[in-house]
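Chemist: let's see this in three dimensions:
(chains A and B)
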Amino acid sequence: MIELLASRYAYALMFVLLAIGLYMMIANENLVKKLIGVNLFQTAIFLFFVAVAYVEGGSSPVVPADPDPGAQLIASPLPHVIVLTAIVVGVALTAVGLALIVRIYAEYGTLREDTLREVRADD
Amino acid sequence: MSAVAYTLVVFVLLTAVATALFRDVLSAIVVFGAYSLGMAILYTFLLAPDVAMTEAAIGAGVTTILLLLTIARTSRPSSDRIFERVNVPALVVCGAFLVVMLATVLPATEAVGDPEAIAWANPEVTGYYIENTYEDTGVQNAVTAVLAAYRGFDTFGEAVVVFAAGVATLLVLGREVFA
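Modeler: Purely as a prediction, here's the structure:
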């Protein structure tokens, strides 16, 4: 069990971070903290992609000008590209979510989910 | 796997738990910035310097600024309690999720850094990019080459998504003129 965790530490870390992000989305009443939970969940997925591309004893995906095929181990560049795209799209989504939160606050004067439900029930 | 990387794993875990439990939103945002930075350094240990730079600039930088701007325009709950009350049902659900994942999915993964890992399931695909990147594009960084040359149209699509998000943000924040 310990050996399994030690050799797959990045995946184990990913699952723990996924659980924490999920907990934040469910349990935190504050809308801003819910959105932080979404971001935390996202970075856990990024960690998965980066860990998949990693090779022990390899080098980062910068290829020499005259490559000697098969002579060296290089981390796979393809998952890195996906993650770069996902980071930028993620921050765009965060911006839209935060704009919605600002509007909700302007409309109802609260960011707490339970208070929001009461205010909306009164309408 | 060096001792520094294991320390980083512990640091990332601690900051993530602190982010979830701090009741004060400002503290949670600051700790989340530290978490993003720790994650960025962990990415460099996993041989992904491009991802690390983007995460440090956008995850730790832009996201933190956006969150700070939001609480500047809304409210920051004041309370004498430092930590949030733990929500037991949610904790049970997430704990069950974690246990199921660790018990079923984790043993099915390859060890981290194994050259036979999932990304290498088709070695000829990854190998193609590593071998031909410099010849095809004249760029030594394979990530840049794939992002800007081989998959340039996908990056254009990403720019369209960011533009749409910008328009949506302006629409949502825009005041009604004829209210």
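Chemist: so what's the residue most central in space within chain A up against?
Modeler: Residue closest to the mean C-alpha point of chain A, counted by C-alpha atoms, centre = their mean, is A:Gln42 at 1.7 Å. Residues near A:Gln42 by C-beta atoms under 8 Å, 6 or more residues apart in numbering or on different chains: A:21, A:86, A:90. To be clear about C-beta, it is placed using only N, CA and C from the backbone, and glycine gets the same treatment.
Chemist: same deal with A:Asn28?
Modeler: A:Asn28 sits next to A:34, A:37, B:20, B:84 when contact means C-beta under 8 Å, 6+ apart.
Chemist: how many residues are close by the closest residue to the second one other than its chain neighbours?
Modeler: Among residues not flanking A:Gly37 along the chain, A:Met24 sits closest, at 2.7 Å (C-beta to C-beta, 6 or more residues apart in numbering or on different chains). Using other C-beta atoms under 10 Å in any protein chain shown, the number of residues around A:Met24 comes to 27.
Chemist: now name the helix or strand holding A:Met24.
Modeler: helix A:9-27 (DSSP states H and E).
Chemist: buried stuff in that helix?
Modeler: Applying a neighbour-count criterion of 16 or more other C-beta atoms under 10 Å in any protein chain shown, one finds A:9-25, A:27 buried in helix A:9-27.
Chemist: just give me how far that helix sits from the chain centre.
Modeler: 10 Å (C-alpha atoms, centre = their mean, to the nearest Å).
Chemist: who are the packing partners of that helix?
Modeler: Using 3 or more C-beta pairs under 8 Å, 6 or more residues apart in numbering or on different chains; DSSP states H and E as the contact test, the elements touching helix A:9-27 are helix A:31-53, helix B:3-21, helix B:88-104.
Chemist: looking at the ones you listed, which is closest to B:Tyr134?
Modeler: B:Tyr134 sits nearest to helix A:31-53 of all the helices and strands packed on helix A:9-27, at 19.3 Å, using C-beta to C-beta.
Chemist: residues making contact with whatever helix or strand A:Thr115 lives in?
Modeler: Assigned by DSSP H and E, A:Thr115 falls within helix A:113-122. Under the criterion C-beta under 8 Å, 6+ apart, residues A:29-31, A:34, A:104, A:108-110 lie in contact with helix A:113-122.
Chemist: repeat for stretch A:96-106
Modeler: A:31-32, A:35, A:38, A:111, A:116, B:66-67, B:69-70, B:73-75, B:165, B:168-169, B:172-173.
Chemist: can you point out the buried residues in stretch B:59-71?
Modeler: B:59-60, B:62-64, B:66-67, B:70-71.
Chemist: test my guess that the residue nearest to A:Gly37 contacts A:Ile36.
Modeler: Yes - using C-beta atoms under 8 Å, A:Met24 makes contact with A:Ile36 at a distance of 6.5 Å.
Chemist: any weak-confidence spans in chain B?
Modeler: B:1, B:118-119, B:121, B:175-179 (pLDDT under 70).
Chemist: in it, which spans are strands?
Modeler: Assigned by DSSP state E, the strands in chain B number zero.
Chemist: outline the domain layout of it.
Modeler: The record assigns chain B these domain ranges, following automatic domain parsing: B:1-84, B:110-179.
Chemist: residues touching the nearest residue to B:Asn141 once chain neighbours are set aside, list them.
Modeler: Of all residues not flanking B:Asn141 in the chain, A:Val62 sits nearest, at 5.1 Å (C-beta to C-beta, 6+ apart). Counting by C-beta under 8 Å, 6+ apart, A:Val62 touches B:140-142.
Chemist: top of the residues you listed by neighbour count?
Modeler: With neighbours taken as other C-beta under 10 Å, the top of the contacts of A:Val62 is B:Ala142, carrying 29 neighbours.
Chemist: ok, that one touching A:Ser60?
Modeler: No - the pair B:Ala142 / A:Ser60 is not scored as a contact, 9.1 Å apart, by C-beta under 8 Å.
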